[in-house]
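Novice: Mind looking at a prediction? Sequence and model below.
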Amino acid sequence: MKLIIDEKIRSDHPELTVLSSSISGVTVKGVDESLESFKSEVFKRIRIRYDLNSLKDEPIFRAYRDFFWRIGVDPTKVRPAAEALVRRVLQGKPIPTINTLVDSYNFASMETGIALAAFDRDKISGGLFMRYARPGELFKGIGMLNPILLRGVEVVVSDGEKLVAVYPYRDADSSKITESTRNVIILVCGVPGIDEATLLEARDIATSYVKRFCGGEEFP
């Protein structure tokens with residue numbers, strides 16, 4: 001499923017690229033011993049690769065921070081997703097276990113530095129569209145007790161009926177991945193300053209991790 005980007009977004013952020021991958025027939029579990037073992041390997045590579053003191057200045061995280069400022073988000077308060085996960089590992093804090101599919105692509109996000117989003121394809125109506133939020137539009141993200149009121153400056157992703165994400169850092173509760181998910185869409189969330197080759201690599205890694213721990217097959 002291809003994401004259609006609104007012309008205003010294209011005009012304001014001409015270097016922005018978003019890729020996607022669709023996987024059918026996945027089996028999502030709460031926990032998996034092999035994935036827990038793999039997590040230790042990922043964490044070891046993260047600790048070798050990054051230093052906590054210079055993390056925010058890594059070029060890939062800097063690109064996300066710069067984009068956050070441009071869309072009205074303070075990255076010192078809302079950190080880019082991959083950076084936030086890597087920071088927790090370097091600080092010795094636990095990474096929440098969500099389920100095997102979400103955990104799989106989170107590990108891919110940490111290793112590549114690229115923000116990834118995933119939606120239950122069967123909860124998506126029509127196609128996916130990126131646009132600016134409408135002032136007063138409501139958005140309920142995963143873990144939110146109540147929806148928030150958007151100002152109209154946020155970049156959002158919607159399907160034919162509802163918002164599914166505030167780009168590139170918060171997914172909607174209505175289309176989240178659960179243990180009942182069987183078909184999934186993964187978005188590889190690029191920002192200006194990150195080339196397509198890097199995004200393609202992140203997509204390949206995320207897809208391979210999901211298929212390794214959740215099964216399934218890619219489909220158009």
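Specialist: In hand now; what should we look at?

Novice: Send over the longest helix anywhere in the chain as CSV, restricted to the C-alpha atoms.
Specialist: The single longest helix within the chain, with elements called by DSSP state H, is helix 196-214. Extracted in CSV, the C-alpha atoms of helix 196-214 (Å, rounded to 0.1, in the frame of the first residue of the first chain):
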residue,chain,number,x,y,z
GLU,A,196,16.6,6.7,0.1
ALA,A,197,19.3,4.1,0.3
THR,A,198,19.3,4.4,4.1
LEU,A,199,15.5,4.0,4.2
LEU,A,200,15.6,1.0,1.9
GLU,A,201,18.1,-0.7,4.2
ALA,A,202,15.9,0.0,7.2
ARG,A,203,12.9,-1.4,5.4
ASP,A,204,14.8,-4.6,4.5
ILE,A,205,16.0,-5.0,8.1
ALA,A,206,12.6,-4.3,9.6
THR,A,207,10.8,-6.7,7.2
SER,A,208,13.4,-9.4,7.8
TYR,A,209,13.0,-9.1,11.6
VAL,A,210,9.2,-9.2,11.4
LYS,A,211,9.2,-12.3,9.2
ARG,A,212,11.9,-14.0,11.3
PHE,A,213,9.9,-13.7,14.5
CYS,A,214,6.3,-13.4,13.3
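
Novice: What's the mean pLDDT across it?
Specialist: For helix 196-214, mean pLDDT rounds to 97.

Novice: elements contacting it?
Specialist: On a contact count with 3 or more C-beta pairs under 8 Å, 6 or more residues apart in numbering; DSSP states H and E, helix 196-214 meets strand 18-24, helix 33-49, helix 100-112, strand 183-189, strand 217-218. Heads up, the C-betas are built off the backbone N, CA and C, glycines and all.

Novice: Reformat the ones you listed into JSON lines and put distance to residue 92, mean pLDDT and mean neighbour count next to each item.
Specialist: What follows is the helices and strands packed on helix 196-214, written out as JSON lines (distance: least, C-beta to C-beta, whole Å; pLDDT from 0 to 100; neighbours: other C-beta atoms under 10 Å):
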{"stretch": "strand 18-24", "distance to residue 92": "32", "mean pLDDT": "96", "mean neighbour count": "19"}
{"stretch": "helix 33-49", "distance to residue 92": "10", "mean pLDDT": "95", "mean neighbour count": "13"}
{"stretch": "helix 100-112", "distance to residue 92": "15", "mean pLDDT": "97", "mean neighbour count": "25"}
{"stretch": "strand 183-189", "distance to residue 92": "27", "mean pLDDT": "97", "mean neighbour count": "25"}
{"stretch": "strand 217-218", "distance to residue 92": "36", "mean pLDDT": "94", "mean neighbour count": "11"}
